[in-house]
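# Model the following, please.
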Amino acid sequence: MRVVAVTKTFSAQDVRVAAMVGLTTFGENYVDELCRKRREVDNPATQWHYLGVLQTNKIARVLGCADVVCSLSRTREVERVAALAPGASVYCQVDVTGGATRNGVAPAHFGDLVLRARDAGLDVRGVMVVAPVEPSAARAAFQLTRALADQWRLDECSMGMSDDLELACQSGTTELRIGRALFGPRV
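Residues are numbered from 1 along each chain as shown. Sure, this is the predicted structure:
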């Protein structure tokens, strides 16, 4: 299992210290922070994941700084990423809540997005989900996400954060996105 150290609002020095103790994969939600920290840390042993919502006008910048784009959720994002970076490593994000404020594709359309991305030549490596807060809803979300990963033969199943990592582990995550539990409260 991989830990993606989510460093939003933390400094490049915090990333360097985390890398010194063995963390190698870091995640950011904002493209400006991602690009700045990647440049400031400048460590070839680190890998950077973009976790935030993809804005069409910022996709080129994301692709210039991220090793993996973890939040692909719409056909137009697939087309833009494929045009700018054929073969890019991506995860498709699923939204299990149905809420208008959540990023991701509905579970019923997840397979269509995966097929579209594969047909466009992208390296679809995994699925990412942000689970609801309530534990039974989170467990159901994780089980559904794990099933989607298995159904579509995706190697990575990115689910679980600081507050629900135990449930995610019990449900078969391959990747935890941990920020606060590693670095403390956001500043």
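# Any regions of this protein where pLDDT drops low?
100 (pLDDT under 70).
# Tell me where it has helices.
12-20, 31-41, 59-65, 75-84, 110-119, 135-151, 165-170, 180-183 (DSSP state H).
# Just want the angle from the fourth one to helix 110-119.
This points to helix 75-84. Interaxial angle, helix 75-84 versus helix 110-119 (axes from the mean of the first three to the mean of the last three C-alpha atoms, to 10 degrees): 20 degrees.
# Test my guess that L176 contacts V6.
No: in this structure, L176 is not within contact of V6 by C-beta atoms under 8 Å, at 9.6 Å. Quick note: C-beta positions are derived from backbone N, CA and C, even for glycine.
# Next, show the common contact partners of those two.
Residues touching both L176 and V6 (C-beta atoms under 8 Å, 6 or more residues apart in numbering) are M161.
# Looking at the helices of the chain, which is nearest to V127?
helix 135-151 (5.0 Å; C-beta to C-beta).
# Against which helices or strands is that closest one packed?
Packing partners of helix 135-151 (3 or more C-beta pairs under 8 Å, 6 or more residues apart in numbering; DSSP states H and E): strand 89-94, helix 110-119, strand 123-129, strand 156-158, helix 165-170.
# which of these is buried the deepest?
strand 89-94 (a mean of 26; mean count of other C-beta atoms under 10 Å).
# So what touches that one?
So strand 89-94 is contacted by 67-73, 81, 103-107, 110, 113-114, 117, 122-129, 144-145, 148, 154, 156, 158 (C-beta under 8 Å, 6+ apart).
# could you redo the last one with a cut-off of 7 Å?
67-73, 81, 103-105, 107, 110, 113-114, 117, 122-129, 145, 148, 156, 158 (C-beta atoms under 7 Å, 6 or more residues apart in numbering).
# try stretch 137-153
94, 96, 107, 110-111, 114, 126-127, 129, 131-132, 157, 159, 164, 167-168, 171-172.
# Over to stretch 71-87?
With C-beta under 7 Å, 6+ apart as the criterion, stretch 71-87 contacts 50-54, 56, 59-60, 63, 69, 88, 90-93, 103-105, 116-117, 120-123, 128.
# which one is the residue most central in space within the chain nearest to, not counting chain neighbours?
Centrality entry for the chain: nearest residue to the mean C-alpha point is C70, 3.3 Å, by C-alpha atoms, centre = their mean. Distances taken as C-beta to C-beta, 6 or more residues apart in numbering place Y91 nearest to C70, at 4.2 Å, with adjacent residues excluded.
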